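Novice: Task: produce atomic coordinates for the following.
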Amino acid sequence: MAKFNNRWLTLAAALMAVAACSNGEQEEAGTGQAKSFADVDADRIIAADADNSVWLTHGRTYAEDRYSPLNQVNADTVKDLGLRWWYDLGVSRGIEVTPIVVDGTMYVTGLWNVVTALDAKTGEKLWEYDPEIDRKKAVHLCCDAVNRGVAVWQGRIYMGTIDGRLIALNAETGAVEFDIVTVDQSKPYTITGAPRIVNGKVIIGNGGAEYGVRGYVSAYDAVDGRLAWRFYTVPGNPEDGFENNAMHSAAETWNGEWWKTGGGGGTVWDSMAYDPELNLLYIGVGNGSPWNQEIRSPGGGDNLYLSSIVALNADTGEYAWHYQTTPGDTWDYTATQHMILADLEIEGRTRKVIMQAPKNGFFYVIDRETGEFISAKNFVPVNWATHVDETTGRPVEIEAARYPGKDQPYIQLPGPLGAHNWHPMSMSRDTGYVYIPAQEIPFAYGDDQAFEYRPGLWNTGTNPMLNNFPDDAATLKALRASAKGRLIAWDPVKQEEAWRVEHKGPWNGGILSTGGNLVFQGTAGAKFSAYSADKGEKLWSFGTRTGVVAAPITYEIDGVQYVAVAAGWGGAYSLILGGVFPSGSKEPKLGRILVFSLGPTNELPPLVKPSKVAYTPPEDLGDDAAVALGRQVYAGFCFVCHGEQAQSYGSVPNLKYSGVLGDAETWKSIVVDGALAENGMAGFGDYVSPEMAEAIRAYIIREANSEKDESYYKANGG
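Specialist: This is a model prediction of the structure:
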């Protein structure tokens with residue numbers, strides 16, 4: 001450890017000198033001292049607990065535990081927590097950012113990768129940068145036009161963009177210092193995750209597995225943007241050779257010609273962690289492409305390194321070890337969910353562990369030095385496996401869960417949205433508990449007998465019709481009741497739940513724990529609340545006007561502790577089901593940064609409900625066959641953005657109220673020809689014929705003429 005730090009002290013000093021010359025440092029009025037911007041290096045991140053005033057990296061420290069020792073706001077004083085300031089981010093489809101706060105400045109990202117620098121004390125905007133993303137890229141976004149934040153290093157701000165770029169900005173001015181492409185932009189890659197910076201290298205992954213890409217993680221030099229190393233997570237075409245021994249070994253666990261039906265998938269689209277003592281970078285690897293393993297890898301196989309935690313040498317990207325949470329994944333059970341590093345006392349000895357609660361519903365404790373399995377226990381109900389074998393570390397599967405070739409679908413928990421998705425969890429160093437934003441969202445898996453790989457479009461290999469909601473209200477209510485969300489305090493040593501808080505539904509925000517015996521979480525139901533970390537008692541709550549999915553942070557300036565959270569309802573669940581299962585506000589202009597401290601009594605502006613315009617839908621076309629076809633095509637191409645039963649939650653157009661629904665030619669020009677591609681609505685002419693587009697129109701017109709408006713879904717939404 002000492003050798004590592006000394007090496008970094010020398011390099012950091014040199015880089016700091018360069019940064020000081022290039023950043024144009026200013027003197028603070030009346031002090032004669034230069035104000036720094038993003039003055040961050042490895043030693044400062046490693047020693048983050050020595051300076052509680054900042055939030056330097058995505059998970060606050062390299063261990064990613066999202067715990068702050070700050071305790072001015074505590075279980076006794078939190079009742080006096082009030083809104084200090086807020087900042088409107090503008091039109092929002094979902095805000096998932098974890099703010100970074102350093103040297104008095106807060107850096108946040110919003111819709112379409114717009115970066116804003118704010119005074120962390122007052123909320124005053126310092127600068128804003130828009131990378132001008134091509135809105136046509138929306139067709140490759142599985143889960144909203146979101147971004148989870150930036151990384152800071154040596155006077156620069158680093159961000160991955162939806163169209164696959166890595167951009168470095170001057171932290172003081174927002175000026176672009178480099179802008180490089182990290183993906184093949186002819187393929188449907190995207191980036192929504194926050195970068196990390198390790199050993200002077202910016203680590204960035206990507207997404208797009210459902211659309212047909214081969215996953216990898218890259219390291220770029222933080223100074224000049226040069227590619228330092230790249231690690232692929234799944235093997236490519238064997239005829240092209242393998243990049244390293246890890247890919248050669250992985251190929252032995254695949255069958256068929258996986259590289260022809262989407263590249264294999266395995267994108268590293270979110271979670272990472274780093275151990276500076278071991279110099280190991282841990283990455284979470286995603287699902288296969290397509291989901292259905294029988295299509296992707298006929299005959300089975302573990303399909304490494306899908307759904308795995310992989311440890312890499314941070315300097316070289318060389319493979320160190322892996323642990324696969326879901327061998328041969330066929331359910332979109334990614335292992336990209338948040339990972340936390342900790343030292344735990346287990347069976348009489350201290351173990352250096354890495355912990356994860358991935359989509360598959362089991363909480364894992366793994367030795368982070370070796371990848372050895374220590375323990376796993378389900379933290380929500382699961383019916384795809386009975387348990388994880390203590391000897392092998394492999395799940396003991398229920399045979400019926402492997403749906404390909406089965407006559408009947410298998411209704412499964414968890415579904416592809418997971419028992420825990422991207423929303424960060426947290427670990428308190430005081431209680432020893434890990435706090436998980438858990439959920440239950442069932443899904444009917446079944447083989448898609450008509451599957452045909454469609455480059456650049458949604459490819460799962462599962463029957464899209466199996467999860468179409470029925471038309472009767474009683475069944476809708478029952479389905480809504482089956483979707484649950486909760487905050488769980490989990491004891492990772494005992495592998496058992498300590499306490500829980502039930503929420504009204506799933507897709508709730510990430511977690512912050514603090515030295516004040518507090519746990520903070522926002523909810524889909526537009527509340528931001530504080531609970532006692534030891535018992536789960538609700539101590540404080542604030543109405544946010546819109547659902548919260550992001551994770552809070554805390555920091556301190558001039559002796560005042562602040563708690564901040566980004567509010568803005570969005571993401572996969574809200575796009576697909578947000579209209580049918582209403583949660584929070586549907587107003588799409590409520591993306592905000594909310595900042596609290598003890599004492600203030602400010603209130604947010606009241607909601608201004610848009611005036612309703614009288615609308616009479618076009619007359620039902622009366623063609624039952626066309627409606628049936630349209631429902632099927634809509635399920636295959638449209639519902640991921642426009643919602644189940646053509647009911648949008650508000651951030652994208654509700655097609656049942658479309659002004660062009662009555663005009664067949666205009667409809668065709670949009671759906672088939674892409675007349676609105678610049679607005680984010682790509683044309684689907686390569687896959688959707690004019691006849692199919694007309695069938696979609698017939699289906700939506702019928703839905704528009706039904707009683708299923710917003711009030712209907714609210715009444716039957718649980």
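Novice: Would you quantify the distance from the spatially most central residue of the chain to Trp507?
Specialist: Among the residues of the chain, the one closest to the centroid is Trp422, at 3.8 Å (CA atoms, centre = their mean). According to CB to CB, to the nearest Å, Trp422 stands 10 Å off from Trp507. All C-beta spots, glycine's among them, are computed from the backbone N, C-alpha and C.
Novice: Need the overlap of contacts for these two.
Specialist: Gly571 (CB atoms under 8 Å, 6 or more residues apart in numbering).
Novice: So if we follow the domain assignment, how does this structure break up?
Specialist: Annotated domains of the chain cover 67-598, 624-715 [automatic domain parsing].
Novice: next one: the last one to chain centre, how far?
Specialist: The gap between where domain 624-715 is centred and where its chain is centred comes out at 27 Å by CA atoms, centre = their mean, to the nearest Å.
Novice: average pLDDT for the lengthiest strand in the chain?
Specialist: Longest strand in the chain by number of residues, with DSSP state E as the criterion: strand 81-90. Averaged over strand 81-90, pLDDT sits at 96.
Novice: Just the CA trace of that strand, in CSV.
Specialist: Output of strand 81-90 as CSV, limited to C-alpha atoms (Å, rounded to 0.1, in the frame of the first residue of the first chain):
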residue,chain,number,x,y,z
LEU,A,81,-34.1,19.3,7.5
GLY,A,82,-35.5,21.7,4.9
LEU,A,83,-35.0,22.6,1.3
ARG,A,84,-32.0,25.0,0.9
TRP,A,85,-32.0,25.4,-2.9
TRP,A,86,-33.1,23.6,-6.1
TYR,A,87,-32.0,23.8,-9.7
ASP,A,88,-34.3,23.0,-12.6
LEU,A,89,-32.5,20.9,-15.3
GLY,A,90,-35.2,21.5,-17.9
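Novice: What is it packed up against?
Specialist: strand 115-119, strand 538-543, strand 560-567, strand 591-598 (3 or more CB pairs under 8 Å, 6 or more residues apart in numbering; DSSP states H and E).
Novice: Give me the helices and strands touching the next helix or strand after that strand, please.
Specialist: Scanning forward in sequence from strand 81-90 by DSSP states H and E, the next helix or strand is strand 100-102. Contact here means 3+ CB pairs under 8 Å, 6+ apart; on that basis strand 100-102 packs against strand 105-109, strand 151-153.
Novice: give me that answer again for 10 Å
Specialist: strand 105-109, strand 151-153, strand 553-557 (3 or more CB pairs under 10 Å, 6 or more residues apart in numbering; DSSP states H and E).
Novice: low-confidence ranges in the stretch 351-500 of the chain?
Specialist: Flagging of the stretch 351-500 of the chain using pLDDT under 70 yields the residue ranges 407.
Novice: What strands line up against the helix or strand that contains Ile374, and which way round?
Specialist: Using DSSP H and E, Ile374 sits in strand 373-378. Sheet pairing of strand 373-378 (DSSP bridges) gives strand 362-367 (antiparallel).
Novice: Dump stretch 596-612 to CSV, restricted to CA.
Specialist: Extracted in CSV, the C-alpha atoms of stretch 596-612 (Å, rounded to 0.1, in the frame of the first residue of the first chain):
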residue,chain,number,x,y,z
PHE,A,596,-31.3,20.3,1.8
SER,A,597,-29.8,21.4,5.1
LEU,A,598,-31.0,22.0,8.7
GLY,A,599,-33.2,25.0,9.2
PRO,A,600,-34.6,26.3,5.9
THR,A,601,-38.3,26.1,5.2
ASN,A,602,-38.4,26.7,1.5
GLU,A,603,-41.0,25.0,-0.7
LEU,A,604,-41.0,23.9,-4.3
PRO,A,605,-43.2,25.8,-6.7
PRO,A,606,-46.7,24.2,-7.0
LEU,A,607,-47.4,21.8,-9.8
VAL,A,608,-48.9,23.5,-12.8
LYS,A,609,-51.1,20.9,-14.5
PRO,A,610,-51.3,21.4,-18.2
SER,A,611,-54.8,22.3,-19.4
LYS,A,612,-56.6,19.5,-21.0
